[in-house]
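> Quick one: sequence plus predicted model below, questions after.
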Amino acid sequence: MGLLSNRVEKAEIQPGDHIYTWRAVYTYSHHGIYVGGNKVVHFTRKKDSSDMDSSFDSSDFSSMAPSTCPTFPDCGFKQPNSGVVLTCLDCFLDNGSLYCFEYGVPPSVFVAKLRGGTCTTAASDLPETVIHRAMYLLQIGFGNYDVFQNNCEDFALYCKTGLLTLDKAGPGKSGQASAFINVPLAAVLSSPFKLFMASPVGMATVTAGMYCAGRYMTDIGVRKDVIKIEVEDMAANLDLTDPEKNEVTEVALPAEPLLLPTENESPR
């Protein structure tokens, strides 16, 4: 993976990797955790969800497995009323290219990558821990989908780091969502500098600098409002309430683990 692109081939990814693919001519990306056996666990909007954000993240619907996957019969497995789904890698990509999210990057590299949602300064946990979180959340869900506060990238970031934000009213961990927020914010904050910088180039430089600074300050590896949460305690930290009954939804874990096709893969 290089500075300009995180694109990889299918043979390069390992179980526990955070992967993503771009949608709609690089307008936005969809994220998930590769768990091995050509399978991906990812967080999507529920099919019955309809709100003003649906047009932004319509990738969730296209990332759902078709009704009959020709390769894997369990492709598209999910619990009722949950947005966490298990699909094969091909259905996840939906004919798109494959990219691998980077962890533990230096601040200089993070800022140099102007596009949000491709890397973080936070360190990743061990692959087996990442896979355990993803498979556990496949059974209990990941709360209600929110394009800015609880989206597919937030899901993958939690699986990789175990970190959740304490401020539920503030921005989520997603670098992609933070980028969308920081672009107009940087433009507004840089407006006073118009009095001192008549050059359009100077204004563009100031705006870009504020945008990068905003992205860095909202990165999960830098923020102070995050805490490590065990996946077994997630039900108490996520909105798993049935809005009609106002009761906490309890999902029984299967007696036997969900079996994945075995491959000769060694976690890195």
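It's in.
> for the chain, which spans come out with low pLDDT?
1-3, 47-67, 168-211, 239-268 (pLDDT under 70).
> what packs against the lengthiest strand in it?
Longest strand of the chain, by residue count under DSSP state E: strand 28-36. Strand 28-36 is packed against strand 18-23, strand 39-43, helix 59-62, helix 89-93, helix 127-140, helix 152-161, with contacts defined by 3 or more C-beta pairs under 8 Å, 6 or more residues apart in numbering; DSSP states H and E. Every residue, glycine included, has its C-beta placed from N, CA and C.
> try 7 Å this time
strand 18-23, strand 39-43, helix 127-140, helix 152-161 (3 or more C-beta pairs under 7 Å, 6 or more residues apart in numbering; DSSP states H and E).
> Determine which of those approaches residue 29 most closely.
Among these, the nearest to residue 29 by C-beta to C-beta is strand 18-23 (4.6 Å).
> now that closest one against strand 28-36, angle please.
Counting by axes from the mean of the first three to the mean of the last three C-alpha atoms, to 10 degrees, strand 18-23 lies at 140 degrees to strand 28-36.
> Paired strands for strand 18-23, with orientation please.
strand 28-36 (antiparallel), strand 99-100 (antiparallel) (DSSP bridges).
> okay if I get those as CSV plus mean neighbour count and distance to residue 106?
Listed next are those as CSV, based on neighbours: other C-beta atoms under 10 Å; distance: least, C-beta to C-beta, whole Å:
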stretch, mean neighbour count, distance to residue 106
strand 28-36, 25, 22
strand 99-100, 20, 17
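> any chance of those in JSON lines, with distance to residue 212 too?
Below are the strands paired with strand 18-23 laid out as JSON lines (distance: least, C-beta to C-beta, whole Å):
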{"stretch": "strand 28-36", "distance to residue 212": "19"}
{"stretch": "strand 99-100", "distance to residue 212": "21"}
